[in-house]
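Q: Quick one, fold the following:
(one chain, ligands or ions: 1)
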Amino acid sequence: MFMPFYLIDFITRSNYKKYWEDTMKFGFFDDLNKEYVITTPKTPLPWINYLGTNDFFSLVSNTAGGYSFYKDAKLLRITRFRYNNVPMDTNGKYFYIKDGDTVWNPGWQPTKTDLDSYECRHGIGYTKWNSSKNGVKAEVLAFVPTDDTCEINRIKLTNTSSEAKDIKLFSYVEWCLWNADDDMKNFQRNFSTGEVEIVGSTIFHKTEYRERRNHYAIYSVNAPIDGFDTSRDAFLGAYHDNHDPEAVFNGACTGSEAHGWSPVAAHQINIKLNPGESKSYVFVLGYCENPEDQKWESKGVVNKAPANAMLAKYKTDEDVDKAFAKLNAYWDNLLSIYTVESNNDKVNRMVNIWNQYQCMVTFNMSRSASYFESGIGRGMGFRDSNQDLLGFVHLIPERARERIIDIASTQFENGSAYHQYQPLTKRGNSDIGSGFNDDPLWLIAGTSAYVRETGDISILKEMVPYDNDMSVATTLMEHLKRSFDFTVNNKGPHNLPLIGRADWNDCLNLNCFSEHPGESFQCFGPSEGPVAESVFIAGMFVKYGEEYAQLAELLGDTAEAERARKEIKIMYDAVLKDGWDGEWFVRAYDAYSNKIGSKECEEGKIFIESNGFCSLAGIGVKEGLAEKALDSVKKYLDCKYGVMILQPAYTVYHLELGEISSYPPGYKENAGIFCHNNPWVSIAETVIGRGDRAFEIYKKTCPAYTEEISEIHKTEPYVYCQMVAGNDAYIPGEGKNSWLTGTAAWTFCNISQYILGVYPTHKGLSVDPCVPHGFGDFKITRKFRGATYHIEVSNPSDVEKGVKELIVDGNKVDGCVIPFVDGKKEYNVKVVMG
Ligand code: BGC
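A: Modelled structure (predicted):
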């Protein structure tokens, strides 16, 4: 049962823990329909979904909360949401049904009227509700069509009673005045700028259109309406909220026209339903743009041509069915690129559906808009977007290509990079600036993944600007060279890479020394400390340096490949000399050259990042050190819910470490389970051939497994979250920051490329699984460079790793790589492990 938070006060901590440990789910997976079915609106947190694949996006919760935006969640926010508000999940796309004295919502919120039945199905790019109250059934389908800048909400109402019914349907959205940041701060201006137009059943939101905007939003329905409101105060009533809108409870909209204050869009439709009768309505929330010189129809009246053209496409149920079928076909096609059939339903479900879906969402959103990322904070992250690519590139390589060029365009001439950029302008964000010394190497990771996937080396020859300045453009390959050399040229006293403001761990701020609240740990202080070093970046350099060398070889530049490999060897040796602590890899050296993540430390003796990444890069494998490091990870960092980022947790604030020690023990980067780097350890385990352990780690954070503990975990059971509270936390196992995390891409790489073992190389697909005992035989279908691979893996001796035989179309092939033959469309591949 869902635990109301006020009850927590009544029970002791240990009872409380025990209570949560009696497992409970709030829904189930419907694999056939690729849906998660939520059976109660009272989930521990709002469980959300994303609608939209290209430019128009909506976040939607299981209780119909959320908001929409066009391209950029900060600059072009269409509807208003209230973060950090109570009740949770305030504002959305609401439908109210007034049936006699009862007012209810198909998604339960905001009236929270008890429903006779409730079901929410989050699917791939759509959400459906199926609810009923007092003999009226409401079925809602919400989705964003693949090729339009709008969201469709179709609501079908059925009278399941034996009496005729006169009901009233009201819609409601609250407009955001476009710039979401300004919208919630600049009231002295914003309360005076709101403007709308109402024509027939369409409400036009045109705030700021009179001046510098050439876009407006619409909310429309494909039926005549019996009333409308566009002023929030008129619709809700003074001192009312969206849970008790006066207009709805009075049974009539007021026909208000918003001038300033808070414009909204609400429609009223009076409906007569005979017993058994159904009626459906198509609501369209759209974003429209006009060319600068065609903004007006007449003075002060917006040109409605784009809106009319959009609405003409969604006039009937059949139109909606068609657009919905197109969306489903779009996703079926994408999800057919990598599929597995194994004896493990949970693996099948994650690989075939949810993990790939989340990869698309993280690719689209980076870390901008979720229920934990407000859409106004961060834009696209340089390192984040490169990593998101790793799990996405097989889906739509052309978009990955474009993204690589966008990211590389924000790099500086010396190889360093802006840490973030804004998706709308594609320009580097100077507020956060540069100095995160892992960033450049991630560009090699993303580019290499793209070239291995597609074989398209033309991208390496593409001319790409620095800091968006085309006059200093070079080839992308030259960008990668500068990325590589940035590490070569920025080493510290132990010949290890300088960390700068931070490496992958944004919170390990070794050159910051912040003493005053409010100073950003990432931006404060000198970034370019000449001493603090990162063993993690050293691991990255070895891994991605080799990928860089291979790209150089592809271009025929063997001298450059040779030079790169010499540098890699130097780094490898430096790690073994000063980055090894006896039982595990050191994490870093601070600004005084003291070790971090060493047995010499009192707290923070061992960290996950350097151990995972150095081992997966192959450092210390032949010397037996990687195995030792991974054993130490298991011994010191493992817990029931995953592998913690460090142990023991920091119990006091360390000036010389920065944000990492600002978190209470067990949370976030201070000994939380940072899901993002769990797959690094799992991958490292596959590198040394330990399939049991690799899979054990995979399972711990895998949503299909953690679904069983939804009441502890709290976040959506179909997607990964960034962080799960570690052993030191008040409630270990509690998840936070769901959806937008590099975990999506890395776990997909882990399961698809390392555990199941189908990895794209420059020469073709390689198949080299590393599975737990008892995993059994499995089949994989993989589309790759225009061909379809039907791969059957059998494991007669039940080994964890090893390919005894590879047979391609009846012919035995040496090694694990299926040679790629240009133009060949089908490959039938048999792999015998042993
Ligand atoms: C950031 C990542 C970073 C991670 C660990 C995330 O919030 O988006 O860039 O690697 O935290 O600090």
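Q: what about Ala745, helix or strand, and which?
A: Using DSSP states H and E, Ala745 sits in helix 743-749.
Q: pLDDT below threshold where in this structure?
A: In the prediction, the chain carries residues with pLDDT under 70 at positions 1-23, 526-527.
Q: Roughly how far does the closest residue to Val803 other than its chain neighbours sit from Gly237?
A: The shortest distance from Val803 to any non-neighbouring residue, by CB to CB, 6 or more residues apart in numbering, is to Cys816 (5.1 Å). The way it works is simple: take the backbone N, C-alpha and C, and place the C-beta from them, glycine included. Computed as CB to CB, to the nearest Å, the Cys816 to Gly237 distance reads 69 Å.
Q: thinking again about what came up before, just the CA trace of the helix holding Ala745, in CSV.
A: The C-alpha trace of helix 743-749 is given here as CSV (Å, rounded to 0.1, in the frame of the first residue of the first chain):
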residue,chain,number,x,y,z
THR,A,743,22.6,5.4,-17.0
ALA,A,744,20.3,4.8,-19.9
ALA,A,745,22.9,4.8,-22.6
TRP,A,746,25.5,3.0,-20.5
THR,A,747,23.3,0.2,-19.3
PHE,A,748,22.1,-0.3,-22.9
CYS,A,749,25.7,-0.5,-24.1
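Q: tell me what the following helix or strand past it is packed against?
A: Next along the chain after helix 743-749, taking DSSP H and E as the criterion, comes strand 758-761. Here strand 758-761 touches helix 439-454, strand 764-767, strand 778-784, going by 3 or more CB pairs under 8 Å, 6 or more residues apart in numbering; DSSP states H and E.
Q: Can you pull out the residues in contact with the second one?
A: Pointing back at strand 764-767 there. 757-760, 782, 784, 789, 791, 793, 803, 806, 816-820, 829, 831 (CB atoms under 8 Å, 6 or more residues apart in numbering).
Q: now do the last one
A: Surrounding strand 778-784, the residues in contact under the criterion CB under 8 Å, 6+ apart are 336-343, 394, 453, 756, 758, 760, 764-765, 788-793.
Q: What segments of the stretch 251-400 of the chain are strands?
A: 263-273, 278-289, 296-298, 301-302, 338-341, 380-381 (DSSP state E, counting those that start in this stretch).
Q: so which of those strands gets nearest Asn611?
A: Closest of the strands of the stretch 251-400 of the chain to Asn611 is strand 380-381, at 23.6 Å (criterion: CB to CB).
Q: if I pick Gly776, what's in contact with it?
A: Listed by CB under 8 Å, 6+ apart, the contact set of Gly776 reads Ser342, Asn343, Asn795.
Q: where does it fall, phi/psi-wise?
A: As for Gly776, its main-chain torsions (degrees, to the nearest 10) stand at phi 80, psi -180.
Q: change the start of the numbering to 58 and stick with it
A: Taking 58 as the first residue, the last one we looked at is Gly833.
Q: State the distance from it to Leu89.
A: 22 Å.
Q: can you check Val889 too?
A: Using CB to CB, Val889 is found at 32 Å from Leu89.
Q: Compare these two (neighbour count), which wins?
A: Val889 (17 against 6; other CB atoms under 10 Å).
Q: hang on, that one packs against Glu862?
A: Yes. Between Val889 and Glu862 there is a contact at 4.0 Å, judged by CB atoms under 8 Å.
Q: For this structure, what lies in contact range of the ligand?
A: Within reach of the ligand by CB under 6 Å from any ligand atom, the chain has these residues: Arg424, Gly438, Arg440, Asp441, Trp561, Asn562, Asp563, Cys564, Glu726.
Q: Now do the same contact list for the first one.
A: With contact set as CB under 8 Å, 6+ apart, Arg424 has these partners: Glu430, Arg435, Met437, Gly438, Asp441, Leu797, Thr798.
Q: which residues does the second one contact?
A: Contacts were defined as CB under 8 Å, 6+ apart; by that measure Arg435 touches Ser423, Arg424, Ser425, Gln477.
Q: Quickly run through the sheet partners of the host helix or strand of Ile260, with directions.
A: According to DSSP H and E, Ile260 maps onto strand 259-262. Strand pairing for strand 259-262, determined by DSSP bridges: strand 253-256 (antiparallel), strand 272-278 (antiparallel).
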